[in-house]
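Undergrad: sequence-free structure coming up:
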């Protein structure tokens, strides 16, 4: 009896321990998301900690240096001619609705301020339709304030345009009754259009509305007599349009985490957006369902007369012409050719990467420290930006019913004796996981369904994610665009980032690659992509280094500026540090400040170089581009070190 009693107690104890173990495992599972995110950030810091891996090689450090030839370009968007302050007795009010993605909204706001100044009108803070039309959005942040700081916007432009938060009560009521005249200007409308067509109606009715759809309602390049309006655009984009404090705080925290242990980071925007890919006909660069989705969108664009081209084109010919993006795998190979080590911190920007994580696999294999906002931020930090949102139903796709006149099971059972040919077996049931997601309609329908409330909300959320990525990209130590100047004739994310960096810090390392040249370069070594010849590495390196300076600026001037002035705001919004003076010379106080800061930097650099002279690792040091005159056949470990596939 005693033995049986002991066995019962042992069994009871084991049962209790099992229950406790199960509870502990359930608790760990519920909190695993936060723990995983925290561990990712911890490993990220440890991988590139200077104290762990030692000092960087001289060649690696040169990858982050400023472009000396562009240091003389300084931001200077202040008025330089007679520029009177706005008068309270304006010609009337302008209110506007803006449709489009992040970059189109930003460009449109700058155009609206310039138009208001041109017409001597009072601007009502524009409405961002992608946030106001979304269902269940938080009431904390509405329309313009969903992205930008209203008070900063009004205060910064008080010497340029009178801006108010809303129309006077009487006009507001008239707008609700749809009694006010509304214009829908064409993309890149000229100043004459507004002076001849819009201004008379504004003076007559004292209020007009503008509907801006194409991401720009004013010509990018204006004549010399409108140069002050170009500088006004710069003051709006680079000084007045501050994101709301919550967005800025989180973006700066992300930058701080990227620069932990004093390490630099590179921001990369793939530019893989469905509309851009469809516009250029780059469907064949992808596989399966993604090719179908691009082709469907291209057919829509042809039907809407957005593009005038054939539906089916050879994507590889388009890519050879530089019309298609650099794929992430190619970008990774270019980084390796430049000499970026495998532990380089790379920030992946962009709220939409068409093709998903599949297309990023080769780049992640080469650079394990490739991160995005989901790696750098906890979920609650991202959700905090959204405010309190009401719940919406899930966006699961409901497949079309495929009922036949005859029951398949009955037909199968009545088919007679075997081995007589049988009819097709009953349709396999369609499981929920096979039709979930925004692409689920492709296999069942010929037309894309209208966006659900959840789709509209996600579209508004992407504005916030792009805002975070914009700040992180502008402040990066180096920036690489995968697909700027996408040929759509509209502003794109990468071009706006490149323009902002050019204005604010022209000497920062901003790559401006020529995709046509690089396509030919990749085709020349198609069979040896991961083990290219030394001459190929030097050719790629020379091109990318040249793109950082004057050669890249000339290309950006020709390709980007006609689409969006903000992508290339010089020389209108800059001045030049010059001892001899000149037409576009900077003020003396700016020159004095520049030379003082340069002296301090040179002193610091000299001290660091003396410390580094004895710590150069010869195996990790890559030759500079000036070493091109060396023979290709000379023995070198560079190729093995840089292009090792196991890195």
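TA: That came through fine. Quick caveat: nothing in here was measured; it's all calculated off a predicted structure. Numbers count the residues shown, from 1 in each chain.

Undergrad: How is this protein partitioned into domains?
TA: 93-242, 247-272+325-386+454-570 (the TED database).

Undergrad: Tell me the span between the first and last residue of the longest one.
TA: What that stands for is domain 247-272+325-386+454-570. For domain 247-272+325-386+454-570, the first-to-last residue distance is 28 Å (CA to CA, to the nearest Å).

Undergrad: average model confidence for it?
TA: Domain 247-272+325-386+454-570 shows a mean pLDDT of 93.

Undergrad: The first one now?
TA: Confidence for domain 93-242, expressed as mean pLDDT, is 93.

Undergrad: can you pull out the helices in the stretch 251-400 of the chain?
TA: Taking DSSP state H, counting those that start in this stretch, the helices of the stretch 251-400 of the chain run over residues 274-280, 288-303, 315-320, 328-338, 361-366, 373-376, 379-386.

Undergrad: Pull the contacting residues for residue 95.
TA: 124, 126, 127, 167, 175, 207, 208, 209, 210 (CB atoms under 8 Å, 6 or more residues apart in numbering). C-beta here means a position set from N, CA and C on the backbone, and glycine is covered the same way.

Undergrad: Ignoring the adjacent residues along the chain, who's closest to residue 370?
TA: Residue nearest to residue 370 in three dimensions, not counting chain neighbours: residue 346, with 4.7 Å by CB to CB, 6 or more residues apart in numbering.

Undergrad: ok, what's across the strand from that neighbour?
TA: Beta-bridge pairing of residue 346 under DSSP bridges involves residue 266, residue 370.

Undergrad: pretty sure it contacts residue 371?
TA: Yes. Checked against CB atoms under 8 Å, the pair residue 346 and residue 371 is within contact range at 7.4 Å.

Undergrad: I'd like the distance between the residue nearest the centre of the chain and residue 462.
TA: Residue closest to the mean C-alpha point of the chain, counted by CA atoms, centre = their mean, is residue 350 at 3.4 Å. In this view, residue 350 and residue 462 are 9 Å apart by CB to CB, to the nearest Å.

Undergrad: Quick check on residue 208: phi, psi?
TA: Backbone geometry at residue 208, expressed as degrees, to the nearest 10, gives phi -140, psi 160.

Undergrad: dump the residue contacts of it.
TA: If you count contacts by CB under 8 Å, 6+ apart, residue 208 has them with 92, 93, 94, 95, 180, 181, 182, 183, 198, 201, 202.

Undergrad: Which secondary structure element is home to the fourth one?
TA: This means residue 95. Using DSSP states H and E, the element containing residue 95 is strand 93-98.

Undergrad: repeat for the last one
TA: With secondary structure defined by DSSP H and E, residue 202 is part of helix 199-205.

Undergrad: Strands of the chain, residue ranges please.
TA: With DSSP state E as the criterion, the chain has strands at 73-75, 93-98, 122-124, 127-128, 163-164, 182-183, 207-212, 266-269, 346-348, 370-371, 478-481, 509-510, 574-576.

Undergrad: Any chance of these in JSON lines with distance to residue 359 as columns?
TA: Shown next, in JSON lines, are the strands of the chain (distance: least, CB to CB, whole Å):
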{"stretch": "strand 73-75", "distance to residue 359": "35"}
{"stretch": "strand 93-98", "distance to residue 359": "31"}
{"stretch": "strand 122-124", "distance to residue 359": "41"}
{"stretch": "strand 127-128", "distance to residue 359": "30"}
{"stretch": "strand 163-164", "distance to residue 359": "42"}
{"stretch": "strand 182-183", "distance to residue 359": "41"}
{"stretch": "strand 207-212", "distance to residue 359": "32"}
{"stretch": "strand 266-269", "distance to residue 359": "13"}
{"stretch": "strand 346-348", "distance to residue 359": "11"}
{"stretch": "strand 370-371", "distance to residue 359": "12"}
{"stretch": "strand 478-481", "distance to residue 359": "16"}
{"stretch": "strand 509-510", "distance to residue 359": "23"}
{"stretch": "strand 574-576", "distance to residue 359": "37"}
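
Undergrad: out of those strands, which comes closest to residue 303?
TA: Closest approach to residue 303 among the strands of the chain (CB to CB): strand 207-212, 21.8 Å.

Undergrad: strand partners of that closest one, parallel vs antiparallel please.
TA: The strands beside strand 207-212 in its sheet (DSSP bridges) come out as strand 93-98 (parallel), strand 182-183 (parallel).

Undergrad: any idea of the mean pLDDT in stretch 302-309?
TA: Here the average pLDDT along stretch 302-309 is 88.

Undergrad: tell me how far it is from the chain's mean position?
TA: For stretch 302-309, the gap between its own C-alpha mean and the chain's C-alpha mean amounts to 26 Å (CA atoms, centre = their mean, to the nearest Å).

Undergrad: OK, contacts around the nearest residue to residue 205 once chain neighbours are set aside?
TA: In space, and not counting its chain neighbours, residue 205 is closest to residue 181: 5.8 Å by CB to CB, 6+ apart. By CB under 8 Å, 6+ apart, the contact list for residue 181 reads 201, 205, 208, 209.

Undergrad: Would you mind checking those for buried ones?
TA: If you count burial by 16 or more other CB atoms under 10 Å, the buried members of those come out as 208, 209.

Undergrad: would a markdown table of the contacts of residue 181 with distance to residue 326 be doable?
TA: Output for those, formatted as a markdown table (distance: CB to CB, whole Å):
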| residue | distance to residue 326 |
| --- | --- |
| 201 | 47 |
| 205 | 50 |
| 208 | 43 |
| 209 | 41 |
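
Undergrad: Please enumerate the helices of the stretch 401-550 of the chain.
TA: 408-413, 453-474, 493-504, 515-524, 534-547, 550-559.

Undergrad: Quick check: which of these is buried the most?
TA: A comparison of the helices of the stretch 401-550 of the chain by mean neighbour count, using mean count of other CB atoms under 10 Å, puts helix 493-504 on top with a mean of 25.

Undergrad: elements contacting that helix?
TA: Contact here means 3 or more CB pairs under 8 Å, 6 or more residues apart in numbering; DSSP states H and E; on that basis helix 493-504 packs against strand 73-75, helix 102-118, strand 266-269, helix 453-474, strand 478-481, strand 509-510, helix 550-559.
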